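> sequence unavailable; structure follows:
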Ligand SMILES: O=C[C@H](O)COP(=O)(O)O
């Protein structure tokens, strides 16, 4: 399978930041992995209009419906129309800030698939859940509830993001990442014939300095990167590490 370096710009970036994409493409015109940037919605069409061949573009959320009276929302169909090929769903910031449930995320993933988008479905435990020994049950429930039956290795990517590792500079040990990713692979195998082909990303404080050791962990097929995806030099170094893994 082709590994995936995915950047989530979150609520960061204006037109001036498109220069980072130009710099990234110049430094890595033919990376040895798939490269995805999920900018704010306002930048998707502009990024897609001049997208270098090495780059895929994604949204950060979508509504479960195709169209309708939903002020402020955007549909998967609209993302695809703007030039997106992927959409992040169920990020912990949306689960926390917008009360997104597993069943809602599943509906969003179904909408993404119907629009021809790859759904990047996020799962991850809070620090309190890890401290209580609930990491695997929590992640198992999120996976079962959020990933629709129509998921395949081609249309779905799973991102494991421990909530306590996001933007904190803290990461799990490589053994802890390995345990969760092996668990995810096994749980997917209970439902999907092509489970071995699903890309499993790690996310949470991935940086150039720790990317190599994280990418050496079994069943880690790439990363979902927040802060370090905003600058071409940092994200380029992560792309290089994944390409070499
Ligand atoms: O979607 C990305 C993750 O939330 C990770 O963010 P971070 O790399 O800034 O910790």
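Looks like it came in fine. Please read all numbers here as calculations on a predicted model, not as lab measurements.
> quick one: the helices in this protein, in order.
18-27, 41-49, 76-82, 92-97, 102-114, 127-131, 135-146, 174-189, 208-215, 232-244 (DSSP state H).
> list the buried ones in the fifth one?
Of the residues in helix 102-114, 102, 104, 105, 106, 107, 108, 109, 110, 111, 112, 113 count as buried by neighbour count, 16 or more other Cβ atoms under 10 Å. Backbone N, C-alpha and C define where each C-beta goes, glycine included.
> just give me the neighbour total for the closest residue to residue 43 other than its chain neighbours.
Sequence neighbours aside, residue 13 is the residue nearest to residue 43 in space, at 5.7 Å (criterion: Cβ to Cβ, 6 or more residues apart in numbering). Look at residue 13: counted by other Cβ atoms under 10 Å, it has 18 neighbours.
> can you offset everything so residue one is 42?
Understood, numbering begins at 42; the last thing we discussed is residue 54.
> which residues touch residue 54?
Contact partners of residue 54, counting by Cβ atoms under 8 Å, 6 or more residues apart in numbering, are 80, 81, 84, 271.
> so what's the residue count around the residue nearest to residue 240 when sequence neighbours are not counted?
Spatial nearest neighbour of residue 240, excluding adjacent residues (Cβ to Cβ, 6+ apart): residue 262 at 4.2 Å. Residue 262 has 23 neighbouring residues, counting by other Cβ under 10 Å.
> residue 227 now?
Other residues within reach of residue 227, judged by other Cβ under 10 Å, total 12.
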